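Asks: sequence and predicted structure, then a few things I'm wondering about:
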Amino acid sequence: MEDKKMLDFEFENARKAMIEKIEFQKNRVELEKIGLVKVSDPYSNDRQKNIKKYLKYKFPDLKISVRKERGSMVDGVFIEVESDRETAYKVHKAAQVFCSGHSDSYTDYYWNERNEFQDYFGGFQYVTAQAKYYY
């Protein structure tokens, strides 16, 4: 009985991974049309450029600055939006497709979880956006 549960669990995980891969392939062509490129080097500037292009596509009227923050323990991107806080929050939520890091404040635990999108277009451990003007 235990072996059957394990096989069902492995099958379900494989099925989810295959569905994710198929969905990504459907969307990849559309994303490449807006200018996103495949990232071959995990630490290249193409990741930062992809975020900027993606956000410009999603929010064409906003002035957005994307700055890469890199250190010995941190690989993140800081997005500055020339707008109000509500709009900056929407930009932050949209940019989370590039974020591979997750944390649980209750257990004080942090983990990376990459997906097909981030493997192809690049991802960062931390992605955050902030409004340049506070009013």
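Replies: Sure thing, it's come through.
Asks: in the chain, which helix has the most residues?
Replies: helix 2-33 (DSSP state H).
Asks: buried residues in that helix, which are they?
Replies: Within helix 2-33, the residues scored as buried using 16 or more other C-beta atoms under 10 Å are 24, 28, 31. Backbone N, C-alpha and C define where each C-beta goes, glycine included.
Asks: what segments of this protein are strands?
Replies: Secondary structure of the chain, counting by DSSP state E: strands at 64-70, 75-81, 101-104, 109-112, 126-131.
Asks: ok, back up a step: chain center to the longest helix of the chain: distance?
Replies: 18 Å (C-alpha atoms, centre = their mean, to the nearest Å).
Asks: same for that helix, what does it pack against?
Replies: helix 116-121 (3 or more C-beta pairs under 8 Å, 6 or more residues apart in numbering; DSSP states H and E).
Asks: for the helix it packs on, name the packing helices and strands.
Replies: The contact analysis (3+ C-beta pairs under 8 Å, 6+ apart) places helix 116-121 against helix 2-33.
Asks: try 10 Å this time
Replies: Using 3 or more C-beta pairs under 10 Å, 6 or more residues apart in numbering; DSSP states H and E as the contact test, the elements touching helix 116-121 are helix 2-33, helix 46-58.
Asks: what sits against E82?
Replies: Residues in contact with E82 (C-beta atoms under 10 Å, 6 or more residues apart in numbering) are 62-65, 88, 131-133.
Asks: in PyMOL, how would I select the buried members of those residues?
Replies: A single PyMOL command selects the buried members of these (16+ other C-beta under 10 Å):
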select buried, resi 64+88+131
